[in-house]
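> Sequence below, structure please.
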Amino acid sequence: MSHSLGIAIESLVALLLMMTIGYCMLLNARLKRLKADEHSLKATIAELITATEIAERAIGGLKHTVRDVNENLGNQLTAASQMSQQLKKQLLEGDNVYRRLSKIVLAARPAPETAAKPAAPGMSSAKAVAAAAQAFSDRRRSDGLAA
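Down below sits the predicted model:
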């Protein structure tokens with residue numbers, strides 16, 4: 001019996017060794033796949049790092065562009081605001097000139113009931129127009145233009 005017990009133990013050890021070898025082969029295959037995945041993962045990480053660096057440079061360029069555009073836009077808005085104020089002043093001055101001219105024209109026209117009479121005692125309508133024009137030309141703005 002001792003001989004068959006030895007064979008049974010040896011067979012059991014051989015079986016366990018075969019199972020261990022099979023399990024080691026399975027682990028080896030998994031490790032090979034893991035190594036292959038590690039290489040592809042390293043390549044992916046390198047690509048992500050490159051893409052991140054490119055994106056950071058692009059963001060820096062965009063920030064610079066935004067600063068330039070903001071500065072230019074600010075200057076243009078300031079210039080447009082100044083131009084708008086200048087145009088408002090000129091429109092107001094133009095309205096004043098128009099009102100004065102209208103008054104001069106109305107003063108120079110003879111009224112329908114006084115069409116035959118002179119505008120002022122002892123003054124013809126031509127002289128009244130000349131006097132109104134003279135009064136208009138006597139009014140000068142600070143820059144020397146008649147207004």
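
> Remind me which helix or strand residue 56 belongs to.
Assigned by DSSP states H and E, residue 56 falls within helix 2-108.

> Of all the residues in the helix or strand just after that helix, which ones are buried?
Sequence order places helix 125-138 as the next helix or strand after helix 2-108, per DSSP H and E. Taking 16 or more other Cβ atoms under 10 Å as the neighbour-count basis, helix 125-138 is seen to contain the buried residues 125, 128-129, 131-132, 136. Any C-beta I mention is one placed from the backbone N, CA and C, and that applies to glycine too.

> do the same with stretch 47-59
For stretch 47-59, it's none, nothing buried (16+ other Cβ under 10 Å).

> average pLDDT for it?
Across stretch 47-59, pLDDT averages out at 96.

> Look up how far residue 32 lies from residue 26.
11 Å (Cβ to Cβ, to the nearest Å).

> ditto for residue 5
Counting by Cβ to Cβ - residue 5 and residue 32 are separated by 41 Å.

> try residue 102
100 Å.

> And for residue 40?
In terms of Cβ to Cβ, residue 40 sits 13 Å off from residue 32.

> cool, residue 60 as well?
In terms of Cβ to Cβ, residue 60 sits 43 Å off from residue 32.

> Next: residue 14.
Applying Cβ to Cβ to residue 14 and residue 32 gives a distance of 27 Å.

> Also residue 22?
Taken as Cβ to Cβ, the span from residue 22 to residue 32 is 16 Å.

> likewise residue 73?
60 Å.

> before we move on, what about residue 92?
Distance from residue 92 to residue 32, by Cβ to Cβ: 88 Å.

> same check, this time on residue 23
15 Å.

> just to revisit the earlier point, by contact count, what packs against the helix holding residue 56?
helix 125-138 (3 or more Cβ pairs under 8 Å, 6 or more residues apart in numbering; DSSP states H and E).

> CA atoms only: put the helix it packs on into PDB for me.
Output of helix 125-138 as PDB, limited to C-alpha atoms (Å, rounded to 0.1, in the frame of the first residue of the first chain):
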ATOM      1  CA  SER A 125     -38.400 146.400 -48.100                       C
ATOM      2  CA  ALA A 126     -35.000 146.100 -49.700                       C
ATOM      3  CA  LYS A 127     -33.400 148.200 -47.000                       C
ATOM      4  CA  ALA A 128     -35.200 146.000 -44.400                       C
ATOM      5  CA  VAL A 129     -33.700 142.900 -45.900                       C
ATOM      6  CA  ALA A 130     -30.300 144.500 -46.000                       C
ATOM      7  CA  ALA A 131     -30.700 145.600 -42.300                       C
ATOM      8  CA  ALA A 132     -31.700 142.000 -41.400                       C
ATOM      9  CA  ALA A 133     -28.700 140.600 -43.300                       C
ATOM     10  CA  GLN A 134     -26.400 143.100 -41.600                       C
ATOM     11  CA  ALA A 135     -27.800 142.100 -38.100                       C
ATOM     12  CA  PHE A 136     -27.200 138.500 -39.000                       C
ATOM     13  CA  SER A 137     -23.700 139.000 -40.100                       C
ATOM     14  CA  ASP A 138     -22.900 141.000 -37.000                       C
END
